[in-house]
Each structure stands twice: as structure tokens, then as C-alpha cells.
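Engineer: Turn this into a model:
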Amino acid sequence: MVQILGSGKVYEKLKQELSKYQIEIIEDSNLVLVERGYVIPAGKLAVVFDAIDYMDVIQLLVSSVQKGLHYPNTVTGFNDNKFAVIEYKDISYLEAGPDGIMAYTATNHYRMKETLQYYESIWAEKGFIRVNKSQLVNLLHVKEIIPWFNSRYVLRMYNNVELEVSKMYSKKLRSTLKI
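Structural biologist: All right, here's what the predicted structure looks like:
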């Protein structure tokens with residue numbers, strides 16, 4: 001996730017290129033790509049670049065992301081006073097609630113240690129996508145995508161749970177699935 005400060009034209013080019021690598025643009029990210037001539041935000045890691053070199057920024061960012069792709073395929077969840085090792089592919093979706101992060105599989109649910117944002121960052125390339133501010137879905141477990149009103153969608157999972165894709169995340173879903 002990265003924030004972009006620059007002209008509208010550069011912003012659109014970066015946005016288009018970053019979406020190819022599923023790098024999300026977020027306004028409050030701690031990593032900021034700053035086009036030369038724009039104010040560098042205080043307290044954030046900034047990469048300053050000339051507009052003509054925007055592809056160099058993309059390559060730098062993508063190579064950094066790819067170097068860090070040594071994330072585990074398993075996580076540890078807690079349920080019934082015991083820990084369980086869970087493969088990411090068995091998780092249908094993750095949900096943030098008042099009791100923390102819960103991971104739902106076909107047969108069980110587990111309390112997770114990390115934040116939803118953490119799982120989103122490490123599993124984006126494995127098919128997990130944020131569908132609203134409190135849920136992260138494994139696209140491999142989506143049975144049907146139902147168009148909903150107001151540019152929203154409902155995802156029907158194989159376990160018949162229905163999850164709503166908020167308007168804010170609908171665009172990313174359409175882009176990811178080419179719908």
C-alpha cells in the first residue's frame with residue numbers, strides 16, 4: 001500500500017501500473033511516492049521522483065515487494081483453548097470484530113493474532129481481497145458474485161455465507177476479476 005502525491009496525470013499512470021501488481025493506493029499509507037515539486041509529508045517514508053521517471057518508481061516498488069514474498073503459507077489460529085495450524089488456502093475469509101480478527105474456514109473459526117491489514121498485505125498475491133473495511137476474502141472460496149444496488153456486490157461463498165462488497169472496494173474487485 002502506498003500513497004501518491006503528484007499531478008493528476010502522473011497519479012493516474014502510477015495508479016494504473018500499481019494495480020497490475022495489486023499494490024493498493026491509500027491516502028494514509030506510511031510509504032509515499034512524491035513527484036518532484038510536491039511537498040514531502042513529514043513522518044512518512046517518501047520516494048521522490050521526476051514525472052518522466054515514474055516507471056523507475058514502479059520497478060523499484062515491485063522489486064521491493066517481490067523480495068519480501070517469503071511469507072508463510074500457514075498461520076496459527078486459536079479456538080477452544082488450543083492453537084491450530086491453518087493453511088491460507090483453507091481460510092474462506094477474515095473478519096475484524098470487537099473480539100479481534102477471526103479466520104473462517106469451511107468447518108471452524110479461529111482467533112488470529114495479526115491485524116486485517118497485515119493479512120491483506122501478505123496474502124494479496126494469493127487471492128485475498130478486501131471487500132469492506134472489516135472483511136478480507138479468499139477469492140478461491142467465492143461461489144457466486146451477485147450485483148447489488150448502488151454499485152455494490154454480494155459474494156456468496158461455498159459455505160453459503162454472504163459477504164457484501166462495499167462501494168469503496170467494488171472497483172478493486174471489478175479490476176481484479178476483470179468484470
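Engineer: ok, V165 to L173 distance?
Structural biologist: Distance, V165 to L173, using C-beta to C-beta, to the nearest Å: 5 Å. (Each C-beta comes from the backbone N, C-alpha and C, glycine too.)
Engineer: out of the two, which sits in the busier spot?
Structural biologist: Neighbours per residue (other C-beta atoms under 10 Å) separate V165 from L173, with V165 holding more: 26 against 21.
Engineer: what distance separates the start and the end of stretch 87-104?
Structural biologist: 12 Å (C-alpha to C-alpha, to the nearest Å).
Engineer: Please identify the buried residues of that stretch?
Structural biologist: Buried positions in stretch 87-104, judged by neighbour count with 16 or more other C-beta atoms under 10 Å: 88, 90-96, 101-104.
Engineer: Give me the most central residue, the chain.
Structural biologist: Nearest to the mean C-alpha position of the chain, by C-alpha atoms, centre = their mean, lies E120 at 4.2 Å.
Engineer: For my notes, confirm that residue occurs in a strand.
Structural biologist: No - E120: not assigned to a strand; according to DSSP: H, G, I helix; E, B strand; the rest coil it is helix.
Engineer: Now the common contact residues for V165 and L173.
Structural biologist: Common neighbours of V165 and L173, counting by C-beta atoms under 8 Å, 6 or more residues apart in numbering, are 131, 153.
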